[in-house]
Each structure stands twice: as structure tokens, then as C-alpha cells.
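J.: here's a sequence, model it:
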Amino acid sequence: LELQKIHNSEDCYVLSLGDQISGIIHKTIQVTNRENVVEQVKIATELISSFCYEHTKVFNKVYFISASGNHSRLTTVKENAMHDDRLDDIVSWCVGLKLSHISNFIMWNGIDTSMSVFNVRGKTYVAVHGDYDDFSKSGIHKLISMIRVFPEACFMGHLHTIAVDEVNEVKMIKGGSLAGSGDSFTVEKRLSGKASQLVAVADSSGLTAYYPVYLE
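T.: Numbers count the residues shown, from 1 in each chain. Okay, here's the model as predicted:
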């Protein structure tokens, strides 16, 4: 909201790029979760709905764009998981229901649960979780070849850290993770980082600024 005042932004695009809950992806994670999966779905729905609602008070329009992450799949065995069986999709559906009465809140329907293509000021952007897409030159080329669109930028989650890179004028942007680190899985994998988000600013010329937001 502070950045909205600085840039006089009119619209807001909330990208929820998966891993909204910590499910049963690994047995160790399942054991150390503070809440069961059902309770996590309730909490995530409430927090994301409140977040979006507060922005509808300030912006002309608030678009909600979701890509489901691998942490919410319904089985610990990756090979046995159905593509669309991810609980992040339930969270986004519930958010849409809770805010359906808000006239300037808009749910954006993706190509599927793992990918969305959207337009901001005449420029095309892609949002994915990132478990199917490498944060690399080859990963971006494969994604572009599939969707047959040359985007301004591709937003990703999955790796839970903030990073920005560019390949042939396509920006690759990794958002942070509100969960941060500290559970047994991240400690054992030597993964650390503060809870964080990334805010990007765009106009008709494309992306103009990036702001990492670190949360204590």
C-alpha cells in the first residue's frame, strides 16, 4: 500500500504462486506441521482473502491469479500424484467465493491449475509455480515454446527465495515465501531465508521496478 502511493498505481495483481500450505509432500514435513492440512486450508483462505480485500479498498481493481504448488499435492509419491490434485486450488476457489460480492475483485482463470497468462497495460505476463519450470534459460525457452507467447516476464515461486534474472529480454522473477524456513526439512536441506514477498511495478513499457519485502 505504501508503494501504491509512491507509484500512484491504479490496479493490483496478486500472484499466489503455490505452496500456500505445507501438506504431505514429505513425511517429515507432515509430522512437523503445526496444523493439520484441513486447518491450514482454512487459515490460508482467511489470510489471502483478507489480504486481497484490504487492497480492494485502495486499488481500482484487484486481480487474483493463482498457480498451485507441489507442497499441496495429495500424496507423498510424486509419480502417483494427479496433475490437478493440489489443495492450493481449493484455497484459491474459496478465496474467490469469499470475495465474490466485491465488485472490483476479479478472479483470473489460468490455462490450468499450474499456469496463468495475463495482460498488464498491453504486455503479456506468465505466472507458474515453478516445479515444472526451471529458473534458467532452457526452462524459459521450453515454457515460451509451449504457450507460444513471448512474455514480458515470467513469475515463479517454488524455490522460496527472491531472485530476478533476464533471458533474451524475458524477465525471470522468483517471489519469496511467507513461510520462511526453520522446519526440519529446510534445516536438513540447508535451506534458510527470511519470510519474504516481492512487489513488481509495471506500466505500458513493461516492468519498471522490483521491491523485495522481508518480513520479520
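J.: contact partners for the residue nearest the centre of the chain?
T.: The C-alpha lying nearest the average C-alpha coordinate of the chain belongs to Leu17 (C-alpha atoms, centre = their mean; 1.7 Å). Under the criterion of C-beta atoms under 8 Å, 6 or more residues apart in numbering, the neighbours of Leu17 are Ser66, Ala67, Gly69, Ala127, Val128, His129, Gly130, Phe155, Met156, Gly157, His158, Gly175. The C-beta positions use only the backbone N, C-alpha and C, and glycine is treated the same way.
J.: what sits against the closest residue to His160 other than its chain neighbours?
T.: Once its chain neighbours are removed from consideration, His160 has its nearest residue in Ser177; the separation is 3.7 Å (C-beta to C-beta, 6 or more residues apart in numbering). For Ser177, the contacting residues are Asp19, Gly157, His160, Thr161, Gly193, Ala195, Ser196, by C-beta under 8 Å, 6+ apart.
J.: nearest to Glu2 among those residues?
T.: For Glu2, the nearest member of these is Ser196. The distance, counting by C-beta to C-beta, is 16.1 Å.
J.: immediately after the helix of greatest length in the chain, which helix or strand?
T.: In the chain, ranked by residue count with DSSP state H as the criterion, the top helix is helix 37-56. Sequence-wise, the next helix or strand beyond helix 37-56 is strand 61-66, with elements assigned using DSSP states H and E.
J.: would you mark the buried spots in that following strand?
T.: Using 16 or more other C-beta atoms under 10 Å as the test for burial, strand 61-66 gives Val62, Tyr63, Phe64, Ile65, Ser66.
J.: tell me the strands beside that strand, with direction?
T.: Taking DSSP bridges as the criterion, strand 61-66 forms sheet pairs with strand 11-16 (parallel), strand 105-108 (parallel).
J.: pLDDT on it, on average?
T.: With pLDDT averaged residue by residue, strand 61-66 scores 95.
J.: run the chain-centre distance for it.
T.: Taking the mean of its C-alpha atoms, strand 61-66 sits 11 Å from the chain's own mean (C-alpha atoms, centre = their mean, to the nearest Å).
J.: now the angle from it to helix 37-56?
T.: Taking axes from the mean of the first three to the mean of the last three C-alpha atoms, to 10 degrees, one finds that strand 61-66 is oriented at 160 degrees with respect to helix 37-56.
J.: ok, the buried residues of strand 61-66 vs Ala202, which is closest?
T.: Nearest to Ala202 among these, counting by C-beta to C-beta, is Tyr63 at 12.3 Å.
J.: would you agree that closest one is in contact with Asp11?
T.: Yes - contact criterion C-beta atoms under 8 Å: Tyr63 and Asp11 qualify, at 6.9 Å.
J.: so what pairs up with Val120 in the strands?
T.: Taking DSSP bridges, one obtains Lys123 as the residues bridged to Val120.
J.: now do it against Phe59, distance only.
T.: 13 Å (C-beta to C-beta, to the nearest Å).
J.: which residues do the two both contact?
T.: Shared contacts of Val120 and Phe59, defined by C-beta under 8 Å, 6+ apart, comprise Asp11.
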